[in-house]
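Peer 1: Just to be clear, the model below is a prediction. Sequence and coordinates:
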Number of protein chains: 2
Amino acid sequence: MGNPKYHVLIANSDTIKSLYYNKVLTSGEVSSYTGKSIPHVIKVLTELKNKGYIEERGLATSTGGRKPITYSLVAKSHYIVSVAIDRHSASLVMVDMNNNFIGEVEQHEFDLHHLSADNLVDIISAFIGNSSVAKSKIIGLGLTMPGFVDTVKGINYTYMNLRDDSLVDFIQRHLHLPVFIDNDSTAIALAEQKFGVAANSKNAMVLNLGWGIGLGMILNDQIFRGDNGLAGEFSHIPLFKNGKLCDCGKHGCLETEASFVAIVANAKEAIGNGETTSLANYPELNADRIIEEAIKGDRFAVKLISEAAYHVGEGLAILIHLMNPRIILLSGKGSVVGKIWLAPIQQALNEHCIPMLTSFTEIAISDLNNRAQLIGGAALVIESLGKTFQDKLDTLKAEPVNQIH
Amino acid sequence: MGNPKYHVLIANSDTIKSLYYNKVLTSGEVSSYTGKSIPHVIKVLTELKNKGYIEERGLATSTGGRKPITYSLVAKSHYIVSVAIDRHSASLVMVDMNNNFIGEVEQHEFDLHHLSADNLVDIISAFIGNSSVAKSKIIGLGLTMPGFVDTVKGINYTYMNLRDDSLVDFIQRHLHLPVFIDNDSTAIALAEQKFGVAANSKNAMVLNLGWGIGLGMILNDQIFRGDNGLAGEFSHIPLFKNGKLCDCGKHGCLETEASFVAIVANAKEAIGNGETTSLANYPELNADRIIEEAIKGDRFAVKLISEAAYHVGEGLAILIHLMNPRIILLSGKGSVVGKIWLAPIQQALNEHCIPMLTSFTEIAISDLNNRAQLIGGAALVIESLGKTFQDKLDTLKAEPVNQIH
DNA sequence: AAAAACTTTTTAAAATTTTAAAAAAGAATT
DNA sequence: AATTCTTTTTTAAAATTTTAAAAAGTTTTT
């Protein structure tokens, strides 16, 4: 069964993680991240260096003493495949051990409802085959997508639900690679926690402003997924008595007033009533077009987003009362026009929150934007190094992973 | 500085905690709770036994092998003072190391808005003085109360806010005991996690059904307090467009429809309109009277609670979408009539939740009832053993705790 | 009743990890 | 330029903790 790279990565997972998330660290810094003593950390670093996993990166500056040696992971020693799926497309990218994207992000368009697990395996297989990276250097695949995802069982109850089989097991069998799955919004939160604006926040709410409004949560420095991985259904909290039917079958979900689902519906209705806007020029409207026109300055597009933003703020007021987060971070594709969301959200919070609570919570805009989900998918694989990864290899003993190499 | 009892308790805090929460354990069980090997655990247990902290409790049964020795904490080796405050009273009790209440629970009535820190110190001081327990055997005091509580700074922003001083530091200086403070609902959640129905739930929402509706959260097996200890303001989530003014200054809080605040207001209004109910016999109505009459079977009292319960259910529907808890536990004084709350809550969830989510969440009723907060206060002291306790002793070095002994 | 099977406890050796002190390297000060 | 101070790295000893094997105690089976 044994591929030695896994043993080394798993046995030293805390050190590997700290270097992956921080790029360049001194032995002292690794010591504080891992909670181990410096002599011990230096022993581990030396061993990892000798095995080719990490390399020295020169001396750091000092304020009056010996300059510390810095270390980082050897970027091209291993790779991770990140597959980010949304309701209408998949993005695939190869990520190296310094969290760099290798080559172009590959895009595929489809309707997620009609995507089969076979289709997906073919897409990923071809991507890996066409890449410049030897398959033996790939340590795993991070698959992130909307829906009710059980990360432990490897099942997405909403999409590609295989009944008798787990989606993750299915893909693993065909690709002979360890595969890890997570919800798209959770992946975005993970990316923001490790590489984004939420990096130093013990408690953060990360909004995925997309077709719906996803929510990824960082609580007590941990990603929170709920008891079955189904937490963060912000889009479907029952908030309005508007009678509007939601995709989920209920009425009055936040999504019916506050997401691009609502924005597009409102746009179409207003255009039908003769609203003068550049949006009227498009035969078919979607989130991307409205975002584009809002950036160009179309007043009506901005107004539509602002109205939705106020309703998002009403939902966030609830969230703040319940969770008392350090930061609420606007991320996902809609955050490209983050500034438009900001003022109405703040307005809603002023009206609906206890002032003491809002005073402790900052509202911020992501700088990872549409790369967040892909970064999160790769981080998901790194994050699972350690016990989760070992358990996966153990369960795959009978049917070994990576036997092709 | 040193009182040796603290050193032993702190150095072996994981073992002490596992025994306090589980009463009687074998070495193997302590090993799995603490994550240490059996030879190591046995060494620790032997040492604690020799020092008089724990004792053997005979052999446990076996299904075909050597019977394991069981251990528990020596009940009378040390004590904890638990002080549970609500809006109108304080309860004090002495708790031994087996989580037994020693002597009677002492009650004091007041309006919390008019209680000063000096008053409180006097009450606690007299209670300790009148108790049968030697002060040197008391390891600490757990103070639990409503309001915005910062457990780290030891401040309650809502009540007894001393401006230039922290409430906890103030009490410590006067009692010469380590003091730990927490929000009432959080304490109840802690009690339910360690000794109640939520004991085996990784994720639990514990409702404190009282004058307001408090919420204590257990997430990923940890008590969650938010970034500043202000999480769980379930009572004040803005949910209704009813225009009703809430104590907090906002309109339409959950509390305005779903708590005993609302129940009492609705009762008074209906009685004014001639409603026939045994509640009409009371000159002054409060939560306790309505609960009493509901238990006796007064139909109107039951109807009032049921209406409030439905609105609580509307709030819980939001909570389930956000948190995907394993269990929602009805606790606090209102849970004495838990069955009355249950059906309307379930009804609201059926109407407002995605069925997949409700299928994973159980609604249950506490069996700790009004003892929960006191148990939680004592558990708070035990839970802080380890780093938190050590930090407290360190900051008190200059002004030593327990120097009186 | 003796043997076998099983579980817990004890013992001893091995490993991991930390502490403390010394050495090395660089910056600041005289 | 030499000295002093600071920080990092290395070394060696001490401690903690685990692993593996043996011993002890109970129950089940023969």
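Peer 2: Nice, I can see it.
Peer 1: of all of the stretch 101-250 of chain A, which residue lies closest to DNA strand C?
Peer 2: Of the residues in the stretch 101-250 of chain A, the one nearest DNA strand C is residue A:221, at a distance of 19.6 Å by C-beta to the nearest atom of the strand. To be clear about C-beta, it is placed using only N, CA and C from the backbone, and glycine gets the same treatment.
Peer 1: so what's that residue up against?
Peer 2: Residue A:221 sits next to residue A:202 when contact means C-beta atoms under 8 Å, 6 or more residues apart in numbering or on different chains.
Peer 1: With residue A:382 instead?
Peer 2: Residue A:382 is in contact with A:16-17, A:20-21, A:80, counting by C-beta under 8 Å, 6+ apart.
Peer 1: and residue A:224, what are its bridge partners?
Peer 2: residue A:217 (DSSP bridges).
Peer 1: quick one, helices of the stretch 151-300 of chain A?
Peer 2: Secondary structure of the stretch 151-300 of chain A by DSSP state H, counting those that start in this stretch: the helices cover A:167-175, A:184-195, A:255-258, A:260-272, A:287-296, A:299-323.
Peer 1: okay, these in TSV with mean neighbour count next?
Peer 2: Output for those, formatted as TSV (neighbours: other C-beta atoms under 10 Å in any protein chain shown):
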stretch	mean neighbour count
helix A:167-175	20
helix A:184-195	28
helix A:255-258	26
helix A:260-272	18
helix A:287-296	18
helix A:299-323	23
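Peer 1: Of these, which is nearest residue B:60?
Peer 2: Residue B:60 lies closest to helix A:167-175 among those, at 39.8 Å (C-beta to C-beta).
Peer 1: Which strands and helices lie in contact with that closest one?
Peer 2: helix A:117-130, strand A:138-145, strand A:155-156, strand A:179-183 (3 or more C-beta pairs under 8 Å, 6 or more residues apart in numbering or on different chains; DSSP states H and E).
Peer 1: In JSON lines: those, plus mean neighbour count, mean pLDDT and distance to DNA strand C.
Peer 2: Converted to JSON lines, these look like this (neighbours: other C-beta atoms under 10 Å in any protein chain shown; pLDDT from 0 to 100; distance: least, C-beta to the nearest atom of the strand, whole Å):
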{"stretch": "helix A:117-130", "mean neighbour count": "15", "mean pLDDT": "97", "distance to DNA strand C": "35"}
{"stretch": "strand A:138-145", "mean neighbour count": "26", "mean pLDDT": "97", "distance to DNA strand C": "22"}
{"stretch": "strand A:155-156", "mean neighbour count": "24", "mean pLDDT": "96", "distance to DNA strand C": "33"}
{"stretch": "strand A:179-183", "mean neighbour count": "27", "mean pLDDT": "97", "distance to DNA strand C": "25"}
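Peer 1: Turn those into JSON lines, columns for distance to residue B:252.
Peer 2: Compiled in JSON lines, the helices and strands packed on helix A:167-175 are given as follows (distance: least, C-beta to C-beta, whole Å):
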{"stretch": "helix A:117-130", "distance to residue B:252": "46"}
{"stretch": "strand A:138-145", "distance to residue B:252": "37"}
{"stretch": "strand A:155-156", "distance to residue B:252": "37"}
{"stretch": "strand A:179-183", "distance to residue B:252": "31"}
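Peer 1: Relative to DNA strand D, which of those is closest?
Peer 2: That would be strand A:138-145 among the helices and strands packed on helix A:167-175, by C-beta to the nearest atom of the strand, at 24.6 Å.
Peer 1: Let me have the contacts of residue A:382 in a markdown table, extended by pLDDT, neighbour count and distance to chain B.
Peer 2: Output for the contacts of residue A:382, formatted as a markdown table (pLDDT from 0 to 100; neighbours: other C-beta atoms under 10 Å in any protein chain shown; distance: C-beta to the nearest C-beta, whole Å):
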| residue | pLDDT | neighbour count | distance to chain B |
| --- | --- | --- | --- |
| A:16 | 98 | 23 | 22 |
| A:17 | 98 | 19 | 18 |
| A:20 | 98 | 24 | 22 |
| A:21 | 98 | 17 | 20 |
| A:80 | 98 | 26 | 25 |
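Peer 1: Now intersect these with the helices, please.
Peer 2: A:16-17, A:20-21 (DSSP state H).
Peer 1: Just give me the closest of those to residue B:46.
Peer 2: Within the ones in helices among the contacts of residue A:382, proximity to residue B:46 (C-beta to C-beta) peaks at residue A:17, which comes in at 37.4 Å.
Peer 1: Is it correct that the closest one is in contact with residue A:385?
Peer 2: Yes: with contact defined as C-beta atoms under 8 Å, residue A:17 reaches residue A:385; the gap is 6.5 Å.
Peer 1: for whichever residue of the stretch 251-400 of chain A sits closest to chain B, what are its contacts?
Peer 2: Residue nearest to chain B within the stretch 251-400 of chain A (C-beta to the nearest C-beta): residue A:324, separated by 2.7 Å. Residue A:324 makes contact with A:203, A:357, A:360-361, B:225-233 under the criterion C-beta under 8 Å, 6+ apart.
Peer 1: what do you get if the cut-off is 6 Å, keeping everything else the same?
Peer 2: Residues near residue A:324 by C-beta atoms under 6 Å, 6 or more residues apart in numbering or on different chains: B:226-228, B:230-231.
Peer 1: same question, residue A:82
Peer 2: Per C-beta under 6 Å, 6+ apart, neighbours of residue A:82: A:93, A:95, A:142, A:374, A:377-378.
Peer 1: Now the two most distant members of the residues you listed.
Peer 2: The most distant members of these, if one measures by C-beta to C-beta, are A:93 and A:142, lying 10.3 Å apart.
Peer 1: ends of stretch A:98-117, how far apart?
Peer 2: One end of stretch A:98-117 sits 30 Å from the other (C-alpha to C-alpha, to the nearest Å).
Peer 1: count of neighbours near whichever residue of chain A sits closest to DNA strand D?
Peer 2: Nearest to DNA strand D, among the residues of chain A, is residue A:65, at 1.8 Å (C-beta to the nearest atom of the strand). Applying other C-beta atoms under 10 Å in any protein chain shown, we find 6 residues neighbouring residue A:65.
Peer 1: Residue A:281 too?
Peer 2: 9.
Peer 1: Local confidence estimate at it?
Peer 2: On the pLDDT scale, residue A:281 is placed at 86.
Peer 1: what does residue A:54 give?
Peer 2: pLDDT at residue A:54 comes out at 97.
Peer 1: Then residue A:401?
Peer 2: The model reports residue A:401 with a pLDDT of 48.
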